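Student: Got a predicted structure here, sequence first:
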Amino acid sequence: MPAEIVVADDEDSIRQLLRFELENAGYESTVFVDGRTCWEHLQSSPPPDVVLLDVMMPAMDGTQVLRKIRASDRLEDLPVVLLTSRGQETDIVAGFESGATDYITKPFKPKELILRINRLLD
Amino acid sequence: MTAIDPGGMAFVGGVLLAVVLVGFGAFIVGLAGYRDRKRRWEAALGPTVRSRLFERLAESDPDWDSWAARLSEAERAVAADVLDEHLRQLDGDRKAQLVEAAEALDIDGAALRTVRTGDAYEKLSALTWLTLLEAPVDVATLREECTGTPNLRAGAARLLYAGDRDDKRTVATDFLLAEGTTLSVFGWDTLYRLNRRDPGTLAERATAEQHAWSRSLTVQVLSVIEHAFPGEESAPIGWITRLLGHESAEIRAAALRALSQYGWRRDVRERIDIDGLARDGSPLVRCALYETLAEWGDPESVVGLLQAIRHETDDRVLLVGVQAAYRHVTRDELPAMDRIERTWDWVEANAAVHGDSA
C-alpha cells in the first residue's frame, strides 16, 4: 500500500502541485486548505505516514498544528515537514523548536522534497 | 434669420448628454459583463489546462511544442497564468521543464518584443516574465528601453540579478544608481541582493558618486551596507565616516548603523568621535550610536557606551542605551545613577518575560 502524505497549504496552486508531485512519486496524498481542517482530520483518522505543513495558513498555522501533533499521545511520533518561504529563517527555528522533523523552503525542488520524504519513511 | 431659442438649445443639449451618459453606462456594464464571463470561462478551463500540463511534466519527453500547438487562444492564456504561478513555486529540474513549456508558448519572445515596444506597465510585466524564465537579455536593450522610471530600472536590475552574467553585480548596480534618485522598494531589495555578499562595488560607487545622490538614496545605500556581509579590510569606508557630519540626522544615523558592521576594524573604531555623537541633538543619531557601540562590543566601545548614557536626557533614548548596555555588562558595572538603574530594572524584567536579552 502506498504511503499516505497529508498536506496542508492555503494556496490552491501549491496544493495541486504537491499532490501531483507526491502522486507522481507513488504516494497517496490528502490535502487541506488550512491548519484547522488538517488537524481535525488528523484527530479523526488513522495517522498518515508524513505530514507536510505550510507555516503561514489561516485558521491555524503550521507551527500550531505541529505543536498539537507533538502534544498528542497518538500522533506525537509523526514525521512533520514544514514548508516555509525562503528568507523566513525565523520560521525554521520556531519550527524546529516546536518539533518539526524537517523543512523545505519555497520555491522548492520536487526531487529534493521526495528524497526527504523517502528518507523519513526509511 | 431665425432667432435661436435658448430653451430649445438647452433641451437638445440635455438630450444629447443623456444619450452619451446612457451609452457610456451601457458600454461599462457590457465590458464588465464580458470580462466577468471571460474570467469565469478561463477559471473553468484552469483545471483542465493544469492537469494536461502536469501530465506532460510526468512524461520523459514532454514535447512542449506539440502541447502548445494544441492549445486554443484562451487555453494559452490560462496556461500562461498556470506557468506564472508554478514558476514562482518551483526550482531545479522541474522549473527548467516549465521554462521549456513557456518557451513553447513563445512567452519569452513576446516579453522581449514588449520590452522594446510596450508602455511602462507592459514593460514591467514583460521584465517579470523574463526574470521568471531567467531569460538572457542584452544590456544594451535594457539600457535603451528600461531606464525611464525607478520601477523599470529596478525591473531591469532584477532581471540581470536572476541571470548568470559574471559582471551582473556591477551592471545591475549601475542600473539602480545611475539616476542618483530614490529607489523603489523592489529596487532597494534588488540592490541588497546584488551586494549582500560583497559590498565592495557599492562602496566604490558611493565613494565616487554619493555627493550627487539624493538624501533618501544615500540612506538606502547605507542601509544595504548595514545589512550586507562586511566588506574586506581594504573596503572604502571613508565616505561613510564623512557622512557622520552630514546635516541630515537621518543620514548621520544611517551612517553610524552602517559602521556597526565594521567594529572589527580598529581604524574605524578610532575614527568615531563618541563624545561628539553622544551630544548630537537628534535622538535618532544617539540611538544609532548606542546600538553601534553595543554591536562592536569591545571593551573600549562598552566603556564609551556607559559614558554616553550618563548624559542621556531623553528617557526613550536612554532605554535604547540601557538595552544596548544590557548585552555586555552587569548591573554593578552601570554608572551609579538612579535613572539608569531604574531603566535597567525594566530592561531586565522585560528580558525575563521574553526569555532572552532585551
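Tutor: Everything's here; your move.

Student: Can you give me the distance of the closest residue to chain A within the stretch 51-200 of chain B to residue B:128?
Tutor: Proximity of the stretch 51-200 of chain B to chain A (C-beta to the nearest C-beta) peaks at residue B:92, 3.4 Å away. C-beta here means a position set from N, CA and C on the backbone, and glycine is covered the same way. To residue B:128, residue B:92 is 21 Å away according to C-beta to C-beta, to the nearest Å.

Student: same thing with residue B:343?
Tutor: Remark: distance between residue B:343 and residue B:128 (C-beta to C-beta) = 49 Å.

Student: backbone phi and psi for residue B:184, please?
Tutor: phi -70, psi 160 (degrees, to the nearest 10).

Student: need the contact list for it.
Tutor: Going by C-beta atoms under 8 Å, 6 or more residues apart in numbering or on different chains, residue B:184 touches B:150, B:151, B:154.

Student: Try it again at 10 Å.
Tutor: Remark: with contacts taken as C-beta atoms under 10 Å, 6 or more residues apart in numbering or on different chains, residue B:184 is in contact with B:149, B:150, B:151, B:152, B:153, B:154, B:155, B:176, B:190.

Student: coming back round to it: out of residue B:343 and residue B:128, which sits in the busier spot?
Tutor: Taking other C-beta atoms under 10 Å in any protein chain shown, residue B:343 and residue B:128 do not tie; residue B:343 has more neighbours (23 against 16).

Student: Check which residues of the helix or strand where the more buried one lies are buried.
Tutor: Secondary-structure assignment from DSSP states H and E places residue B:343 in helix B:338-354. Neighbour-count burial for helix B:338-354, with 16 or more other C-beta atoms under 10 Å in any protein chain shown as criterion, is recorded at B:340, B:343, B:344, B:347.

Student: From the opening residue of stretch B:102-110 to its closing one, how far?
Tutor: Taking C-alpha to C-alpha, to the nearest Å as the measure, stretch B:102-110 stretches 11 Å from start to finish.

Student: now check that stretch, is it near chain A?
Tutor: No. Using C-beta under 10 Å from any C-beta of the partner chain, we find that stretch B:102-110 stays clear of chain A, coming within 15.2 Å at best.

Student: I'd like the distance from that stretch to the chain centre, please.
Tutor: Stretch B:102-110 has its C-alpha centroid displaced from the chain centroid by 27 Å (C-alpha atoms, centre = their mean, to the nearest Å).

Student: What are the buried residues along it?
Tutor: Using 16+ other C-beta under 10 Å as the test for burial, stretch B:102-110 gives B:102, B:103, B:104, B:105, B:107, B:108.

Student: Now render those as TSV, adding distance to residue A:6, secondary structure and pLDDT.
Tutor: Shown next, in TSV, are those (distance: C-beta to C-beta, whole Å; DSSP: H, G, I helix; E, B strand; the rest coil; pLDDT from 0 to 100):
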residue	distance to residue A:6	secondary structure	pLDDT
B:102	32	helix	98
B:103	36	helix	97
B:104	35	helix	97
B:105	34	coil	97
B:107	35	helix	97
B:108	38	helix	96
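
Student: Kindly format the C-alpha coordinates of stretch A:23-43 as PDB.
Tutor: Taking C-alpha atoms only, stretch A:23-43 is exported to PDB below (Å, rounded to 0.1, in the frame of the first residue of the first chain):
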ATOM      1  CA  GLU A  23       1.300  11.000  -6.500                       C
ATOM      2  CA  ASN A  24       3.800  11.100  -9.300                       C
ATOM      3  CA  ALA A  25       6.300   9.700  -6.900                       C
ATOM      4  CA  GLY A  26       3.900   6.900  -5.900                       C
ATOM      5  CA  TYR A  27       2.500   8.300  -2.700                       C
ATOM      6  CA  GLU A  28      -1.100   8.800  -1.700                       C
ATOM      7  CA  SER A  29      -2.000  12.400  -0.700                       C
ATOM      8  CA  THR A  30      -4.700  14.000   1.200                       C
ATOM      9  CA  VAL A  31      -4.800  17.800   1.000                       C
ATOM     10  CA  PHE A  32      -6.300  20.500   3.300                       C
ATOM     11  CA  VAL A  33      -6.800  24.200   2.800                       C
ATOM     12  CA  ASP A  34      -5.900  25.300   6.300                       C
ATOM     13  CA  GLY A  35      -4.400  24.100   9.600                       C
ATOM     14  CA  ARG A  36      -7.700  23.600  11.400                       C
ATOM     15  CA  THR A  37      -9.300  21.200   8.900                       C
ATOM     16  CA  CYS A  38      -6.000  19.300   8.700                       C
ATOM     17  CA  TRP A  39      -5.800  19.000  12.500                       C
ATOM     18  CA  GLU A  40      -9.500  17.800  12.600                       C
ATOM     19  CA  HIS A  41      -8.600  15.200  10.000                       C
ATOM     20  CA  LEU A  42      -5.500  14.000  11.900                       C
ATOM     21  CA  GLN A  43      -7.600  13.600  15.100                       C
END
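
Student: how much distance is there from stretch B:261-274 to the middle of the chain?
Tutor: Remark: stretch B:261-274 is offset 29 Å from the chain centroid, using C-alpha atoms, centre = their mean.

Student: Can you check the distance spanned by that stretch, start to finish?
Tutor: Start-to-end span of stretch B:261-274 (C-alpha to C-alpha) is 17 Å.

Student: Over to stretch B:309-322?
Tutor: Note: stretch B:309-322 ends 7 Å apart using C-alpha to C-alpha.

Student: so what pLDDT did residue B:135 get?
Tutor: We have a pLDDT of 92 for residue B:135.

Student: The one 5 residues further on too?
Tutor: Turning to residue B:140, the model gives it a pLDDT of 93.

Student: In what element of secondary structure is it found?
Tutor: helix B:139-145.

Student: For that helix, output the C-alpha coordinates as CSV.
Tutor: C-alpha atoms of helix B:139-145 as CSV (Å, rounded to 0.1, in the frame of the first residue of the first chain):
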residue,chain,number,x,y,z
VAL,B,139,22.3,45.0,-21.5
ALA,B,140,22.2,47.5,-24.4
THR,B,141,18.5,46.7,-24.9
LEU,B,142,17.7,47.2,-21.3
ARG,B,143,19.7,50.5,-21.2
GLU,B,144,17.7,51.7,-24.2
GLU,B,145,14.3,50.6,-23.1
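
Student: buried set for that helix?
Tutor: Burial within helix B:139-145, assessed by neighbour count using 16+ other C-beta under 10 Å, is assigned to B:139, B:142, B:145.

Student: Likewise for stretch A:83-94?
Tutor: For stretch A:83-94, a neighbour-count test (16+ other C-beta under 10 Å) marks A:83, A:84, A:88, A:91, A:94 as buried.

Student: Could I get the average pLDDT for that stretch?
Tutor: For stretch A:83-94, mean pLDDT is 78.

Student: measure it end to end?
Tutor: For stretch A:83-94, the first-to-last residue distance is 12 Å (C-alpha to C-alpha).

Student: List of residues touching that stretch?
Tutor: Stretch A:83-94 has contacts (C-beta under 10 Å, 6+ apart) with A:7-9, A:11, A:14, A:18, A:52-57, A:61-63, A:66, A:82, A:95, A:100, A:103-108, A:113, B:91.

Student: roughly how far out does that stretch sit from the chain middle?
Tutor: On C-alpha atoms, centre = their mean, the centre of stretch A:83-94 falls 14 Å from the chain's centre.

Student: Please apply the same query to stretch A:84-103.
Tutor: Chain-centre distance of stretch A:84-103: 12 Å, with C-alpha atoms, centre = their mean.

Student: From the buried residues of helix B:139-145, pick the one nearest residue B:321.
Tutor: Nearest to residue B:321 out of those is residue B:142 (C-beta to C-beta; 47.0 Å).
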